[in-house]
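Colleague: below: sequence and its predicted model.
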Amino acid sequence: MNIVWLDEPAGQDVPSVGGKVANLSRLAGAHRVPPGFCLTTTAFRLWSDSGSDGGDDDAFPPDLQRQLEEAYAEMGRRADVDQPSVAVRSSAIDEDGRFASFAGQYETFLNLVGDVAVADAVMRCWQSTRSERVTEYRERYGLDEVPCEMAVLVQQLVRADSSTVIFSANPVTHNRDEVVINASWGLGESIVGGTVSPDTFVIDKKSLSVSE
């Protein structure tokens, strides 16, 4: 299966969609999550096996291109928008592992409109598995030199006035009784990318009070 939606059971299959999409898919089963679909690792292999070598001549296999266009049009129908603005995010199979998170290593693209722009972003996400920074990162953590397989999430973008990144345990002290929230104006990418110094809140899990 080349494309699955977040609200489908197949959207929780980690080997096919990666941990990022699988977690979002589980959320979509119980909460209001913006519509989105995932190009699976099967689609990645279809592209990779087509002879693409990371150069300017990379291209979508025609059938996969058609499926992507149909999925984007379906998202527009679900969102009641002709040309929805979307985020295109990598969901590599080896992300968020026990010893390596790959945070910021793979590509993310925001505010994209139109199936041509989406297809280009998907391909650039795939190509990022071969980038120098990812290769160096893998070597640093002693991981397999063979590029991993990657799924790619295409999801309707929320035009946020402010955004947060929330840690379910304190990433500095490792205290599991605390939640840490980083917050900033605008999209969350500015927090993840380190382009802003976010407001930080430490929350006690039991009382839900702000301790810092």
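Modeller: Structure's in. What do you need?
Colleague: strands along the chain, start to end?
Modeller: Using DSSP state E, the strands of the chain run over 3-5, 36-39, 85-92, 108-113, 150-156, 162-167, 178-185, 199-204.
Colleague: measure how far the second one is from the centre of its chain, please.
Modeller: The offset between the C-alpha centroid of strand 36-39 and the centroid of the whole chain comes to 10 Å, using Cα atoms, centre = their mean, to the nearest Å.
Colleague: then the fourth one?
Modeller: Between the centre of strand 108-113 and the centre of its host chain there is 11 Å, according to Cα atoms, centre = their mean.
Colleague: could you give the angle of it to strand 150-156?
Modeller: 40 degrees (axes from the mean of the first three to the mean of the last three Cα atoms, to 10 degrees).
Colleague: okay, now the sheet partners of strand 108-113, with direction.
Modeller: Strand 108-113 sits in its sheet next to strand 85-92 (antiparallel), going by DSSP bridges.
Colleague: try the shortest one
Modeller: Strand 3-5 has its sheet partners listed here by DSSP bridges as strand 36-39 (antiparallel).
Colleague: and the contacts of the strand it pairs with?
Modeller: Residues from elsewhere that reach strand 36-39 (Cβ atoms under 8 Å, 6 or more residues apart in numbering): 2-6, 11, 17, 21, 24, 64, 68, 71, 74-75, 86, 91, 122, 151-156. C-beta coordinates here come from the backbone N, C-alpha and C atoms, glycine included.
Colleague: coming back round to it: just put the strands of the chain in JSON lines and tack on mean pLDDT and distance to residue 60.
Modeller: Shown next, in JSON lines, are the strands of the chain (pLDDT from 0 to 100; distance: least, Cβ to Cβ, whole Å):
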{"stretch": "strand 3-5", "mean pLDDT": "96", "distance to residue 60": "12"}
{"stretch": "strand 36-39", "mean pLDDT": "96", "distance to residue 60": "10"}
{"stretch": "strand 85-92", "mean pLDDT": "91", "distance to residue 60": "14"}
{"stretch": "strand 108-113", "mean pLDDT": "92", "distance to residue 60": "15"}
{"stretch": "strand 150-156", "mean pLDDT": "94", "distance to residue 60": "12"}
{"stretch": "strand 162-167", "mean pLDDT": "94", "distance to residue 60": "31"}
{"stretch": "strand 178-185", "mean pLDDT": "96", "distance to residue 60": "35"}
{"stretch": "strand 199-204", "mean pLDDT": "97", "distance to residue 60": "41"}
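Colleague: can you pull the contacts of residue 69?
Modeller: Shown in contact with residue 69 (Cβ under 8 Å, 6+ apart): 115, 119.
Colleague: let's see that with 6 Å instead.
Modeller: Residues near residue 69 by Cβ atoms under 6 Å, 6 or more residues apart in numbering: residue 115.
Colleague: one more: residue 183?
Modeller: 164, 198, 199.
Colleague: from those residues, which is closest to residue 111?
Modeller: Lowest distance from residue 111 to those (Cβ to Cβ) belongs to residue 164, with 19.1 Å.
Colleague: distance of the residue nearest to the closest one when sequence neighbours are not counted relative to residue 148?
Modeller: In space, and not counting its chain neighbours, residue 164 is closest to residue 183: 4.5 Å by Cβ to Cβ, 6 or more residues apart in numbering. Distance, residue 183 to residue 148, by Cβ to Cβ, to the nearest Å: 32 Å.
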